[in-house]
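Asker: how would this look folded up:
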Amino acid sequence: MIAAATTLIAVTWIAPLYPREQWLQHAATIPLLVAAVVAARRRWLSDAAIACCLAFLLLHALAARWIYSYVPYETWCDAAFGSGPAEWFGWRRNHFDRLVHVAFGVLLTPPLRELAQRAGLRPVAACATAWLTVAGASACYEVFEWLLAVVAAPEMAERYNGQQGDPWDAQKDMALAMAGSTAVLAWYALRAKIKRQRHP
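Answerer: The predicted model follows:
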């Protein structure tokens with residue numbers, strides 16, 4: 001899985017459209033792939049949890065190729081269905097970044113929960129730790145984006161941040177990540193309840 005994900009991520013680098021910004025987007029990708037190899041070899045995470053991490057990296061790599069704000073999903077939908085989200089929902093901005101922030105919560109909560117349980121936490125505490133980690137990581141990332149906007153050239157900061165003129169972009173991104181994590185944890189709770197009912 002890791003080899004396949006690495007290959008697909010490399011493919012997104014063919015003829016890069018925004019080379020400088022894409023490099024910046026991938027600052028953590030290689031360390032995370034190395035961490036996935038270590039986690040797999042030492043059995044720190046299940047195969048399903050590693051698959052979740054790799055799925056998020058692939059989604060991020062796809063978005064990074066178009067630096068999030070310019071992912072041509074509208075064109076893809078038009079080609080496949082004859083229309084797209086702009087017509088369906090009246091969207092006026094590119095919302096692919098919103099999808100990735102939801103995916104951050106959905107896809108990283110399972111591995112974070114597993115790591116917390118492996119560290120000795122009980123299920124409820126492990127779930128809370130996973131949720132708080134998603135929330136904290138989201139907040140740290142948004143602060144990083146703000147710092148980049150302060151120190152970088154304005155046009156590069158705007159391209160990287162992908163606010164697209166929305167002054168509440170950071171708050172919405174964090175809320176979506178937390179909503180994604182909450183949905184996964186609600187699913188875990190429902191699954192546990194069903195198991196208890198079947199095997200009292």
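Asker: quick one, helices of the chain?
Answerer: 2-11, 19-25, 29-41, 47-65, 73-81, 85-89, 96-118, 123-151, 154-161, 169-198 (DSSP state H).
Asker: Could I get those helices in a markdown table, plus columns for mean neighbour count?
Answerer: C-beta coordinates here come from the backbone N, C-alpha and C atoms, glycine included. Converted to a markdown table, the helices of the chain look like this (neighbours: other CB atoms under 10 Å):
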| stretch | mean neighbour count |
| --- | --- |
| helix 2-11 | 14 |
| helix 19-25 | 15 |
| helix 29-41 | 14 |
| helix 47-65 | 19 |
| helix 73-81 | 13 |
| helix 85-89 | 12 |
| helix 96-118 | 21 |
| helix 123-151 | 15 |
| helix 154-161 | 16 |
| helix 169-198 | 15 |
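Asker: for this protein, where's the lowest mean pLDDT among helices and strands?
Answerer: helix 154-161 (a mean of 58; mean pLDDT, DSSP states H and E).
Asker: most centrally placed residue in this protein?
Answerer: residue 104 (3.0 Å; CA atoms, centre = their mean).
Asker: Is that residue in contact with residue 180, as I believe?
Answerer: Yes - counting by CB atoms under 8 Å, residue 104 does reach residue 180; the two are 6.6 Å apart.
Asker: shared neighbours of these two, which are they?
Answerer: residue 134 (CB atoms under 8 Å, 6 or more residues apart in numbering).
Asker: give me the low-pLDDT residue ranges for this structure?
Answerer: 152-166, 200 (pLDDT under 70).
Asker: go with 90
Answerer: Residues of the chain that meet the criterion pLDDT under 90 lie in 18-28, 67-69, 91-94, 141-170, 192-200.
Asker: show me the contacts for the residue nearest to the centre of the chain.
Answerer: Shown in contact with residue 104 (CB under 8 Å, 6+ apart): 56, 134, 137, 138, 177, 180.
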